[in-house]
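J.: I'll drop the sequence and a predicted model, then ask my questions.
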Amino acid sequence: MKNGSIQIVKTLFENPLSYLKLDTPQVYNAMTVIPIIVQDDKFIDFISIKEAEELELIDIIETESVGQLEVINKSDKQILIPFGMTVHGGKQDRTIWEPILLPIGGKQNVVSENPGTVKQKYTIPAKCVEQSRWNYTKSRGFKSSNTRLHPNVAFEAISAAGQSGVWDEIQSHRAEMNYSLSIAPTQSYLEITKESEKQTGDFVKHFKNIENQCGIAVFINGEFIGIEFYANPKVWKTMSNDIIKAFSIEVLRFKDKPKHKVNEFHDELLKILARLSFNYTTRDGIALGNVVEFNSNDNKWRGITLIHDKSIAQFYLVSKRGGYQEQPRSNIQFQTVINQRYQV
């Protein structure tokens with residue numbers, strides 16, 4: 001199935017319209033969004049971590065390692081923890097750096113306080129997005145936040161380079177936005193991005209979800225910068241405001257950049273996807289499905305997806321623009337080794 005998972009992703013790039021429908025572009029400021037609809041037969045029945053928290057169906061637990069958290073699925077539903085989700089609390093804020101689909105059943109039963117109730121426990125990989133804190137200044141427990149990683153930080157989170165690239169990109173974002181050191185003294189990504197909350201919130205007001213929408217393709221100043229979609233319209237609706245805010249940070253980063261003229265956004269998107277060339281790696285997911293990572297040959301694009309039952313549970317692709325520039329390394333192989341999942 002692993003080779004089959006890679007082929008599904010390759011087919012998406014070669015012929016996106018075999019999997020997706022592209023709706024009428026929406027425009028606000030320098031940002032153009034193409035609503036994406038996934039074909040009905042590719043839908044997967046799951047709920048988001050945010051909905052699971054609202055219904056008290058999931059627990060997120062800190063461990064002694066920065067690089068791992070534990071989750072307990074207390075429900076009879078499949079729960080998606082998407083790539084790029086940030087959680088706050090505990091000793092440091094973290095981000096989940098691969099998509100995880102928790103099953104109804106699980107690997108490890110945990111004794112429940114309520115007789116007859118079975119909880120399912122998984123250890124999941126995390127990266128720190130708050131460099132200068134390691135104590136309980138917030139709740140000891142974790143909750144998902146409304147902050148998603150913006151493209152440049154997400155690009156580094158996918159990388160096999162590890163934790164340091166994420167921290168470097170967060171610091172680069174502080175510098176390029178000219179935020180003082182008094183803002184987010186613990187280097188918390190969540191606190192830093194609060195400074196742009198009002199501006200990014202304006203974008204949410206101007207982009208409207210359409211019926212059965214599952215995701216978006218995004219252009220900034222006429223330049224294509226990324227895609228995110230899910231195999232479930234309800235999950236997209238739950239996550240969409242946070243995702244639009246994350247992408248709109250690119251408008252703030254490049255507000256003075258010249259605009260590229262695009263005559264037809266659909267055609268432009270299809271052309272770009274068709275000519276991208278990637279190196280692919282795949283591995284078993286933490287729970288259900290296979291994770292597929294893909295890195296462009298020019299190292300300007302990175303993506304990650306989770307394939308389950310021959311469908312794409314979550315798909316994420318972004319480009320790197322400006323920001324922290326890692327020193328060139330020869331013969332680097334783009335692959336997340338399973339043993340690296342829990343290393344800082």
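T.: Arrived safely, thanks for sending.

J.: which is the next helix or strand following whatever helix or strand residue 291 lives in?
T.: Using DSSP states H and E, the element containing residue 291 is strand 290-296. For strand 290-296, the following helix or strand on the C-terminal side (DSSP H and E) is strand 301-308.

J.: all helices of the stretch 51-200 of the chain, in order?
T.: Counting by DSSP state H, counting those that start in this stretch, the segments of the stretch 51-200 of the chain that form helices are 151-158, 163-176, 189-194, 197-206.

J.: from those, which stretch is densest packed?
T.: helix 151-158 (a mean of 26; mean count of other C-beta atoms under 10 Å). Glycine gets a C-beta too; all of them are placed from N, C-alpha and C.

J.: what mean pLDDT does it have?
T.: Here helix 151-158 scores 91 as its mean pLDDT.

J.: after the helix ranked longest in the chain, next one along is what?
T.: If you go by DSSP state H, the chain has its longest helix at helix 233-253. The element immediately downstream of helix 233-253 (helix or strand, assigned by DSSP H and E) is helix 265-275.

J.: ok, and what's touching the helix or strand just after that next one?
T.: Next in sequence after helix 265-275, counting helices and strands by DSSP H and E, comes strand 278-284. Strand 278-284 has contacts (C-beta atoms under 8 Å, 6 or more residues apart in numbering) with 2-3, 5-6, 9-10, 13, 290-297, 301, 303, 334-336, 338.

J.: model confidence over strand 278-284, on average?
T.: Strand 278-284 comes out at a mean pLDDT of 95.

J.: that strand pairs with which strands, and in what direction?
T.: strand 290-296 (antiparallel) (DSSP bridges).

J.: tell me the angle the strand it pairs with makes with strand 301-308.
T.: Interaxial angle, strand 290-296 versus strand 301-308 (axes from the mean of the first three to the mean of the last three C-alpha atoms, to 10 degrees): 160 degrees.

J.: next one: strand 290-296 to chain centre, how far?
T.: Relative to the chain's own centre, strand 290-296 is displaced by 13 Å; criterion: C-alpha atoms, centre = their mean, to the nearest Å.

J.: can you check stretch 40-48 too?
T.: Centroid separation for stretch 40-48 versus its chain: 17 Å, with C-alpha atoms, centre = their mean.

J.: quick one: end-to-end length of it, please.
T.: 18 Å (C-alpha to C-alpha, to the nearest Å).

J.: just the buried ones out of the contacts of strand 278-284, please.
T.: Buried by 16 or more other C-beta atoms under 10 Å: 5-6, 9, 13, 290-296, 301, 303, 334, 336, out of these.

J.: show me which of these has the smallest pLDDT value.
T.: Within the set of the buried ones among the contacts of strand 278-284, pLDDT is lowest for residue 334 (36).

J.: related to what we said a few turns ago, closest one to residue 64 among the helices of the stretch 51-200 of the chain?
T.: Evaluated with C-beta to C-beta, those place helix 163-176 nearest to residue 64, the distance being 16.2 Å.

J.: any idea of the mean pLDDT in the closest one?
T.: On average, helix 163-176 scores 84.

J.: who are the packing partners of that helix?
T.: When contacts are defined as 3 or more C-beta pairs under 8 Å, 6 or more residues apart in numbering; DSSP states H and E, helix 163-176 sits against strand 119-128, helix 151-158, helix 189-194, helix 233-253.

J.: export the first one to CSV, keeping only CA atoms.
T.: This points to strand 119-128. Provided in CSV are the C-alpha atoms of strand 119-128 (Å, rounded to 0.1, in the frame of the first residue of the first chain):
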residue,chain,number,x,y,z
LYS,A,119,-9.7,4.8,26.1
GLN,A,120,-7.2,4.5,23.2
LYS,A,121,-3.7,5.9,23.8
TYR,A,122,-1.1,7.0,21.1
THR,A,123,2.2,8.6,21.4
ILE,A,124,2.5,11.4,18.8
PRO,A,125,5.4,13.5,17.5
ALA,A,126,5.7,17.2,18.3
LYS,A,127,8.1,20.1,17.8
CYS,A,128,8.4,23.0,20.1
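
J.: that one vs helix 151-158, what angle?
T.: Strand 119-128 and helix 151-158 are oriented at 120 degrees to each other (the same axes, to 10 degrees).

J.: any idea how far strand 119-128 is from the chain center?
T.: The answer for strand 119-128 is 16 Å, by C-alpha atoms, centre = their mean.

J.: what pairs with it, parallel or antiparallel?
T.: Sheet partners by DSSP bridges: for strand 119-128, these are strand 68-73 (antiparallel), strand 94-96 (antiparallel), strand 109-110 (antiparallel).
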